[in-house]
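In: Task: produce atomic coordinates for the following.
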Amino acid sequence: MPRRTVILFAAAVSGIALALALVTLLVVGAREKAAPAAGAAGMSIQAGGTGQPQVGGPFVLTDQDGRQVTEDILKDRWSLVFFGFTYCPDYCPTTLAMIDATKRELGAQGEDLQVIFVSVDPERDTPQMLKNYLSSEGFPPGVIGLTGTPDQIASVARAYGAYYEKVGEGEGYTMNHSLAIWLMGPDGKSRISLNHQLGPERTAQLIRSARARG
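Out: Predicted coordinates for the structure are as follows:
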């Protein structure tokens, strides 16, 4: 192979290698920046720490018994708040089962830990649908299910930084939604963000630590 051709070939290979390295760095960097904000698997986020905003605020919704509920439900109780929908095939039942195990892991502290499930599917999730769903075996007893009008759900989702999106048409549509579980203090303010992949034992440890900090 002529010397000039060899040099050009080597230069081309080096250029490709450099481009691949730059792409790798950009992708990894983007993932590292995105992971904390999204509440990545195996992570918890302290609200108000490392640039994370406090979440929560006023809302007016309806519980599974048809009663009007406001943000006052959070007062004087430690609470877990997360968003989902009753037709959810995987993450929602998995999260509820994990919370049930976490409450058992917490012992006495778990007995007074309030769990609030906010529907992102007001079109289908009527109060009766929520009541039937949340009484399923394996879910923590006493979960408060909340639904409302599309505008009410959009408002509370914005307050909690929750993402959701309808996918598909007709009766078989589904919902994409964020997976964060927010631990709210007795003052109604957020403490930490959790997720189901932390598991019951680690989640219980984080809740104990947050409660100890007050």
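In: Now the host helix or strand of Ala97: average pLDDT?
Out: Using DSSP states H and E, Ala97 maps to helix 91-106. Mean pLDDT, helix 91-106: 96.
In: Now do the same contact list for the residue most central in space within the chain.
Out: A centroid search over the chain (C-alpha atoms, centre = their mean) returns Ala180, at 1.5 Å, as the residue closest to the centre. Applying C-beta atoms under 8 Å, 6 or more residues apart in numbering to Ala180 gives the contacts 39, 82-83, 160-162, 193-195. (C-beta placed from N, C-alpha, C; glycine too.)
In: any idea where the helices of the protein begin and end?
Out: 3-38, 91-106, 108-111, 127-134, 150-159, 199-213 (DSSP state H).
In: ok, of these, where does mean pLDDT dip lowest?
Out: Among the helices of the chain, helix 3-38 carries the lowest mean pLDDT (a mean of 40).
In: so how far is the first residue of stretch 101-121 from its last?
Out: Taking C-alpha to C-alpha, to the nearest Å, stretch 101-121 runs 26 Å from one end to the other.
In: In that stretch, which of the residues would be classed as buried?
Out: For stretch 101-121, the neighbour count (16 or more other C-beta atoms under 10 Å) marks 101-103, 105-106, 110, 113-121 as buried.
In: go on, stretch 76-89?
Out: 78-88.
In: Ramachandran coordinates for the residue lying closest to Lys131 once chain neighbours are set aside?
Out: Spatial nearest neighbour of Lys131, chain neighbours left out: Gln64 (3.9 Å); criterion: C-beta to C-beta, 6 or more residues apart in numbering. Main-chain torsions, Gln64, degrees, to the nearest 10: phi -70, psi -10.
In: since we're on Gln64, how many residues are nearby?
Out: 24 (other C-beta atoms under 10 Å).
In: Contacts only, for it.
Out: Counted by C-beta under 8 Å, 6+ apart, Gln64 has contacts 127-128, 130-131, 134, 144-145.
In: Remind me what the helix holding Ala97 packs against, helices and strands.
Out: With contacts taken as 3 or more C-beta pairs under 8 Å, 6 or more residues apart in numbering; DSSP states H and E, helix 91-106 sits against strand 79-84, helix 108-111, strand 114-119, helix 199-213.
In: need these in TSV with distance to Gln54, can you?
Out: As requested, the helices and strands packed on helix 91-106 are arranged in TSV below (distance: least, C-beta to C-beta, whole Å):
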stretch	distance to Gln54
strand 79-84	13
helix 108-111	23
strand 114-119	17
helix 199-213	14
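In: For Val55, which of the ones you listed is the nearest?
Out: Counting by C-beta to C-beta, Val55 lies closest to strand 79-84 out of the helices and strands packed on helix 91-106; the figure is 8.6 Å.
In: So what touches that closest one?
Out: Outside strand 79-84, the residues within contact range by C-beta under 8 Å, 6+ apart are 56, 73-74, 91-92, 95, 99, 113-120, 157, 160, 162, 164, 177-184, 194.
In: Touching, Trp121 and Thr86? I think so.
Out: Check again: residue 121 is Asp, not Trp. Yes - judged on C-beta atoms under 8 Å, Asp121 makes contact with Thr86 at a distance of 7.1 Å.
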